[in-house]
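Engineer: Below is the structure, and that's it, no one-letter string:
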């Protein structure tokens, strides 16, 4: 069982109006920043034989559903093996999927 953390953001060439509003609000609070960009964070638990298989599965999830390849890009932030969860049945493992 692996936990894979993924972040999906708008491509740099795509305007991020929500990020612009956040940046403006932070500046009005006295913070000095040049830009803020928003995104989506996913933590996915899945059964896989090894880290490479887990990464490949989550990459497929991102390219097929989670990210819009026209305007978004994604990065796998962290992949972690969960040895205590390796004995979990597939039905009970679904309870740990956070989407």
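Structural biologist: Structure received. These figures come from a predicted structure and were not determined experimentally.
Engineer: Let me see the ranges of the strands in this protein.
Structural biologist: Using DSSP state E, the strands assigned to the chain run over residues 2-10, 39-46, 72-81.
Engineer: With adjacent residues omitted, what lies nearest to residue 18?
Structural biologist: residue 38 (4.7 Å; Cβ to Cβ, 6 or more residues apart in numbering). C-beta coordinates here come from the backbone N, C-alpha and C atoms, glycine included.
Engineer: unless I'm mixing things up, that neighbour is touching residue 23, no?
Structural biologist: No - taking Cβ atoms under 8 Å as the definition, residue 38 is not a contact partner of residue 23, at 10.1 Å.
Engineer: more crowded one of these two?
Structural biologist: When neighbours are counted by other Cβ atoms under 10 Å, residue 38 and residue 23 differ, and residue 23 comes out ahead with 17 against 13.
Engineer: Verify the contact between that one and residue 32 for me.
Structural biologist: No - using Cβ under 8 Å, residue 23 is not in contact with residue 32, being 10.8 Å away.
Engineer: how far away is residue 63 from residue 37?
Structural biologist: Residue 63 sits 21 Å away from residue 37, taking Cβ to Cβ, to the nearest Å as the criterion.
Engineer: cool, and residue 27?
Structural biologist: Taking Cβ to Cβ as the criterion, residue 27 is separated from residue 37 by 15 Å.
Engineer: So, low pLDDT: which residues of the protein?
Structural biologist: 84-99 (pLDDT under 70).
Engineer: can you map out the helices along it?
Structural biologist: Taking DSSP state H as the criterion, the chain contains helices spanning 17-28, 51-61, 90-93.
Engineer: Need the winner for burial among those helices.
Structural biologist: With neighbours defined as mean count of other Cβ atoms under 10 Å, the helices of the chain peak in mean count at helix 51-61, which reaches a mean of 15.
Engineer: got a list of what the closest residue to residue 51 other than its chain neighbours touches?
Structural biologist: The spatial neighbour of residue 51 that comes closest, neighbours along the chain excluded (Cβ to Cβ, 6+ apart), is residue 79 at 5.3 Å. With contact taken as Cβ atoms under 8 Å, 6 or more residues apart in numbering, residue 79 is in contact with 2, 3, 4, 5, 51, 54, 55.
Engineer: And residue 80, by the same measure?
Structural biologist: Counting by Cβ under 8 Å, 6+ apart, residue 80 touches 2, 3, 4.
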